[in-house]
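In: Quick one, structure for this:
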Amino acid sequence: MTVRAVPILLACAALAARPSHAQTVQYTSPAGVRYLAQADTGAIARAESLLAATPRDVGRIIELGIAQASVRQYREAIATYTRGLAIEPANALLFRYRGHRYLSVRQFDSALADLTRGNRLDTTNYDIWYHLGIVHFVKGHFGVAAEAFAHAQRMAPNDNELAGSTDWLWMALRRAGRAADAQAALSRITDTLRITTATAYLQRLKLYRGLIGPDQALTPADTADIAVATIAYGVGNWCLVNGDRTRAREWFRRSVASGGWPAFGFILSEVELRGR
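Out: Numbers count the residues shown, from 1 in each chain. Have a look, this model is predicted:
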C-alpha cells in the first residue's frame with residue numbers, strides 16, 4: 001500500500017464507523033443549503049451484520065452500499081464501495097455504483113472517472129452506459145451523452161428502463177442540435193409499454209411526443225420530491241430546446257424547490273441555473 005493511499009482508506013474507515021442512524025450532511029448547495037442523509041430503518045444494520053461474517057465478500061459490500069444509498073447515505077456508500085475496490089480493483093459493478101454516488105454528491109469528475117473505468121471493464125452493463133450518459137449530460141457533453149444513452153436504449157432490460165434511457169436520449173439529442181434524431185428515438189415508445197416505476201419519465205415522454213402540454217406534466221399525484229424534481233427538469237429542458245428560456249428557468253427553479261436533491265433532474269436544474 002502506498003503512503004498516499006493511507007489517508008483515503010482512513011477516511012473511508014471513519015465514514016464506515018459512523019452510526020448507521022446518523023443523519024450526516026451529504027451535500028451543501030452553492031446557496032448554502034445542507035442536505036442530509038436519512039436514518040437507517042434496519043436495512044443497513046442487517047447488511048452490516050451479514051458483511052461482518054464475511055468481510056471480504058464483495059457481493060455483501062455492494063449490498064451494504066445499496067442499503068446505505070437507499071436512505072441517502074451516499075458518502076457512506078462511497079466509502080463502502082471504495083472498501084470493495086481495495087479488494088477487487090477491477091470490479092466493474094463497484095465502479096458503476098460508486099460513480100453513481102459520486103454523481104449524487106456532485107463530485108462529477110470522480111463520477112466520470114469511475115463510470116468510464118467501469119465501462120472499459122464491462123461494455124455490456126446497461127446501468128454503466130446509462131449513468132455515463134448522465135454524467136456527460138451534466139458536463140455539457142451532449143453528443144457523447146447521446147451515444148451512451150443510445151447504447152443504454154438498445155440494451156434496456158425492461159420497459160421502465162427503456163422509458164428512462166429514451167427520455168435522456170431525446171434530451172441529449174435535442175441539446176446536441178439533432179432534433180430529427182431525437183424524434184426518431186421516440187419510435188420505441190408506445191402506449192402499450194408496461195411502465196410501473198418510471199412514471200415521471202413517462203410524463204416527460206408524453207410531453208416530447210406532443211400528447212400533453214408542459215402545464216399538464218405535473219399531476220396532483222406527483223407529490224414525492226424526486227418525482228417533482230424529475231418532471232420539472234424535463235419540462236424546463238423542453239422549454240429550453242423550444243426557445244423559451246424564461247419559462248425554462250421557472251421550471252428549473254421549481255425542480256430545486258422540490259427538495260428532491262438526489263434526483264438527476266434536481267442536479268441538472270442546479271447546473272442550468274448556475275449557467276454552463
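
In: Which stretches in the stretch 1-150 of the chain count as strands?
Out: Ranges of strands in the stretch 1-150 of the chain, per DSSP state E, counting those that start in this stretch, are 25-28, 34-36.

In: Reformat these as CSV; add distance to Leu207 and mean pLDDT.
Out: The C-beta positions use only the backbone N, C-alpha and C, and glycine is treated the same way. Shown next, in CSV, are the strands of the stretch 1-150 of the chain (distance: least, Cβ to Cβ, whole Å; pLDDT from 0 to 100):
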stretch, distance to Leu207, mean pLDDT
strand 25-28, 28, 97
strand 34-36, 28, 97
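
In: Out of the ones you listed, which one sits most buried?
Out: When you average the neighbours per residue for each of those (mean count of other Cβ atoms under 10 Å), strand 25-28 leads with a mean of 16.

In: What lies in contact with that one?
Out: Applying Cβ atoms under 8 Å, 6 or more residues apart in numbering, the external contacts of strand 25-28 come out as 34-37, 72-75, 104-106, 261.

In: Out of these, give me the one that has the most neighbours.
Out: Most neighbours among these, by other Cβ atoms under 10 Å: Gln73, with 29 neighbours.

In: Could you find the closest non-adjacent residue to that residue?
Out: Closest residue to Gln73 apart from its sequence neighbours, by Cβ to Cβ, 6 or more residues apart in numbering: Ala37 at 4.2 Å.

In: what's near enough to touch the one you found?
Out: Ala37 makes contact with 22-26, 71-76 under the criterion Cβ under 8 Å, 6+ apart.

In: Likewise for Gly118?
Out: Gly118 sits next to 92-96, 99, 125, 128 when contact means Cβ under 8 Å, 6+ apart.

In: That's all I had, so thanks and see you.
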